[in-house]
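K.L.:
need a structure here:
(2 chains)
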There are 2 protein chains.
Amino acid sequence: MSSLSPFLEAASGQEPRHTPVWFMRQAGRSLPEYRALRGEGSILEAIKTPEIAAEVTLQPVRRYGVDAAILFSDIVVPVAAIGFGIDVIPGRGPVAEHPFTSRSDLTRLRPLEVDQDIPYVIETVRHVAAELNAQDTTLIGFAGAPFTVASYLVEGGPSRTFTKVKALMYQDPELWDDLVAVLADLSISFLRAQINAGAQALQLFDSWAGALSPNEYARFALPATKHVLESVSDLKVPRILFGVGTGELLGQMATSGADVVGVDWRVPLDEATQRIGNHPLQGNLDPALCFAPVDALEDATRDILRRGAKAPGHIFNLGHGVLPETDPDMLKRVVDLVHNEGRTLAKEAQ
Amino acid sequence: MSSLSPFLEAASGQEPRHTPVWFMRQAGRSLPEYRALRGEGSILEAIKTPEIAAEVTLQPVRRYGVDAAILFSDIVVPVAAIGFGIDVIPGRGPVAEHPFTSRSDLTRLRPLEVDQDIPYVIETVRHVAAELNAQDTTLIGFAGAPFTVASYLVEGGPSRTFTKVKALMYQDPELWDDLVAVLADLSISFLRAQINAGAQALQLFDSWAGALSPNEYARFALPATKHVLESVSDLKVPRILFGVGTGELLGQMATSGADVVGVDWRVPLDEATQRIGNHPLQGNLDPALCFAPVDALEDATRDILRRGAKAPGHIFNLGHGVLPETDPDMLKRVVDLVHNEGRTLAKEAQ
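P.N.:
Numbers count the residues shown, from 1 in each chain, chains lettered A, B, ... in the order given. Modelled structure (predicted):
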C-alpha cells in the first residue's frame, strides 16, 4: 500500500485506496460546532487566532472523515495583512473600504513579510499538520488567483457584473498588469509559507474567472495565474486550480501549470476531461443538491463518480463552496457514499 | 429586395441586406435622454405610462439606428400586474417584499387578464409599432422564462447562489412544477398580447438559467420554457431564447422551440454553433468591452462578426445587457461597424 494519502494518490494520477473527498468551505458556518465556537465574530480575527483557526480547520475532518483539511483562512488574508484595508463580512464576503481605483493605490500594496505579517498562519498550519495523520488526511493550503483577488480590491466587494475590474483591465492594461503582478507575488509568498509550514497540497482559487470571455482570460488572468503556479512548482506538491463558470476556460486552465483542475457543477466531468486532457479533476456536485431528498443527492453523487472515472484521477468535491444553510448530515452521506462506492463505480464506468 | 427587415431576414436564416444589430437594455439608464426624461423615478410606473414607455423604447432606435426596438418593460411586469407584490429597484432589480415560500403562495398568482391588467403594455406596443418603419426596424416583445421569473419570486430579489430557488425545486418538485406552470401561462399571455398589438418578434429571457447544471435545467427549467415557446408558435414570429452562463445548456436550448438562440460573451459563436446546430444566433460582445479603447472594441466586434458567420444567421448583440455606465458613443461605433462591415466580414469567414 502506498504511503500517500488517498487525496495525494488521486492528485498524482495513482489509483487511490478509496476515492478521496473533501468540500470547499467544509470548515465554517454550516457546522454547529463552528457556530458554537465562534458565534458571529470577525472572520479575520478568528483566522488570526491559531488555536481557533486550527480547531475550525479540524472540525470537518472529525465530523465527516474527509480526506483533506483545508486551512481556515481567506484569499484576502495577504492583502489584509499588509494593510490594504479589507475585511471579510459574514454572509457577504470581502469588502474593501477604499477600493483600488488608480496607480497611486499600488503604494497600498507591498510584498508579504511572512514572519511579521502572518505568523498566525504559520502557527495554524503547524498546529493542524501535527494533529492530522498525514497518511490519511492531506492538509491543503490555498491562495487567491490574482484576477479574483483583484476583483475584490477593484470592485470593493463581491460583484455580479465585474464592471469596474473589467473597465480597469481595458482602460489601463499596464496598471492592470502591475496590479496582478503584485498580487501574484503575494499569493506565491502566501502559498510557500503554508507549504513550508506543513501543508501538503495547494489550491489556487480563481473563483470568478468565469466572468471573463476566453480572450479576456487569456490576456488578463491566465498569465499571472501561470506565474503563481509555476513559481511554486519546486515545492513538489499538487497544485489545484479552481473557478466557477469556467466551462469555456478549462482548456486554458489545463495549460496553467495546475496538476489538478477543479470543475464547477455546470460541466459534467466526462465532458470536462475532453476539454482538459490528461489531468486529474476535482468536483463537482451542485452545493444546492444538499437540500434535495437523500435519493436525489445520492443519485447525483453516483453520476459524478461515474463521469469522474473518465479522468486520470478524481477528487470528489462540490462544484463550489458549502452553502451556509447546508445540513451537515447530508455531506456526511456524500462522504460515506464516495468512500464506500467510489472505486467500484469508477471501475464499472471505465 | 425582401420586404422583411434585416432583423427578420437574419432571424429566418435569409441573407440580410446588412447584419442586424440591437442591444439588450439599449433603452434605459445608459442614455442621457432617458435620464432627462425619467430621472430616478419608479421603473414600473414608467412602464405603466405608455407615452413615456414608448418614447424610451424609441430613444435608442433614433440614436443608434439599431435594427430592433425592444419594448421598455420588465420580465416581472405580469406578476406585478396581478398583484404578487414586486417592484423593480433601479440599480438592483426586481425585489419581492414577501417572497414565494410555500404552496399557499400560489394563491397570490392568477392568470393575466390582458385588457384589465396591462392595458398600458398594449397601448405602448401600438404606439411604438406606429412610429417604426417595420421594413427597417423590428419591434421585439419579451417575457421572462418561468425559471428566471421564479428565481425572483422565491429568492425575493437578485441572487448569486440561487440557494432558495434550488432548495424549493429539490424539496418540493410538485410545488415547483405548479409554480412554473402558472408562470409559463403568464408569460404566454404576456407574449401573445405584445405580438397581437404589433410586435414582430419575441425574446424569452431565461437570464439566470446558467446557474443550473445540465441535469437541473433538463428537469426544472426546460419543460416550462418549451411550453411557453411552443404555445406561441402559431403567432409565426421569430422566437429568441436567451440566458447567461449557458455554455453547457446550448444544446438543450436548441430543442426548446426557439428559432434563434442568444449566447453570452463566454462562448465564441463558432463554438456555439457546434453545440446548437442549425439555428441563427444572437450575440455576443462582452458589455464590458464598451469601456475598452475603441480599437479593442472594434477588434472584438469584428472577431464576433467572423465567428457568427458560421451560424445560419447572425443578429449582433451584446452578450448581456448594456451596463448603466456605458458611453453611448461606443455603442454607436459598434452599430456602424456591424452595418458597414458585417456582411463583408461574414462572407470572408464563410
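K.L.:
how about the residues of the stretch 51-200 of chain A that lie near chain B?
P.N.:
Contact residues (Cβ under 8 Å from any Cβ of the partner chain) of the stretch 51-200 of chain A with chain B: A:158, A:160, A:161, A:162, A:163, A:166, A:167, A:170, A:171. C-beta coordinates here come from the backbone N, C-alpha and C atoms, glycine included.
K.L.:
Include distance to residue B:189 and secondary structure when you put those residues into TSV, please.
P.N.:
Below are those laid out as TSV (distance: Cβ to Cβ, whole Å; DSSP: H, G, I helix; E, B strand; the rest coil):
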residue	distance to residue B:189	secondary structure
A:158	37	coil
A:160	30	coil
A:161	31	coil
A:162	36	coil
A:163	35	helix
A:166	38	helix
A:167	40	helix
A:170	42	helix
A:171	45	helix
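K.L.:
Now the buried members of these.
P.N.:
A:161, A:162, A:163, A:166, A:167, A:170 (16 or more other Cβ atoms under 10 Å in any protein chain shown).
K.L.:
Among the residues you listed, which one sits closest to residue B:89?
P.N.:
residue A:161 (15.7 Å; Cβ to Cβ).
K.L.:
show me the contacts for residue A:7.
P.N.:
A:16, A:20, A:22, A:67, A:68, A:137, A:138, A:201, A:315 (Cβ atoms under 8 Å, 6 or more residues apart in numbering or on different chains).
K.L.:
now those as a markdown table including neighbour count?
P.N.:
Formatted as a markdown table, the contacts of residue A:7 follow (neighbours: other Cβ atoms under 10 Å in any protein chain shown):
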| residue | neighbour count |
| --- | --- |
| A:16 | 24 |
| A:20 | 27 |
| A:22 | 24 |
| A:67 | 26 |
| A:68 | 27 |
| A:137 | 22 |
| A:138 | 27 |
| A:201 | 25 |
| A:315 | 30 |
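K.L.:
what's in contact with stretch A:343-350?
P.N.:
Contacts for stretch A:343-350 (Cβ under 8 Å, 6+ apart): A:16, A:18, A:19, A:302, A:305, A:306, A:307, A:308, A:309, A:310, A:314.
K.L.:
could the buried ones among the residues of the stretch 51-200 of chain A next to chain B go into JSON lines alongside pLDDT?
P.N.:
Below are those laid out as JSON lines (pLDDT from 0 to 100):
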{"residue": "A:161", "pLDDT": "89"}
{"residue": "A:162", "pLDDT": "94"}
{"residue": "A:163", "pLDDT": "92"}
{"residue": "A:166", "pLDDT": "95"}
{"residue": "A:167", "pLDDT": "94"}
{"residue": "A:170", "pLDDT": "94"}
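K.L.:
Now distance to residue A:277 too, for these, in a markdown table please.
P.N.:
Formatted as a markdown table, these follow (distance: Cβ to Cβ, whole Å):
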| residue | distance to residue A:277 |
| --- | --- |
| A:161 | 32 |
| A:162 | 28 |
| A:163 | 34 |
| A:166 | 29 |
| A:167 | 34 |
| A:170 | 31 |
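K.L.:
So which of the contacts of stretch A:343-350 belong to helices?
P.N.:
A:302, A:305, A:306, A:307, A:308 (DSSP state H).
K.L.:
Please indicate which of these are buried?
P.N.:
A:302, A:305, A:306, A:307, A:308.
K.L.:
and of these, the nearest to chain B?
P.N.:
residue A:307 (11.1 Å; Cβ to the nearest Cβ).
K.L.:
Would you map the strands across chain A?
P.N.:
A:68-70, A:86-89, A:93-96, A:138-144, A:201-205, A:239-242, A:260-262, A:281-285, A:314-318 (DSSP state E).
K.L.:
now check the last one, is it near chain B?
P.N.:
No: Strand A:314-318 stays out of contact with chain B when judged by Cβ under 8 Å from any Cβ, the minimum separation being 11.7 Å.
K.L.:
Cool, thanks, signing off.
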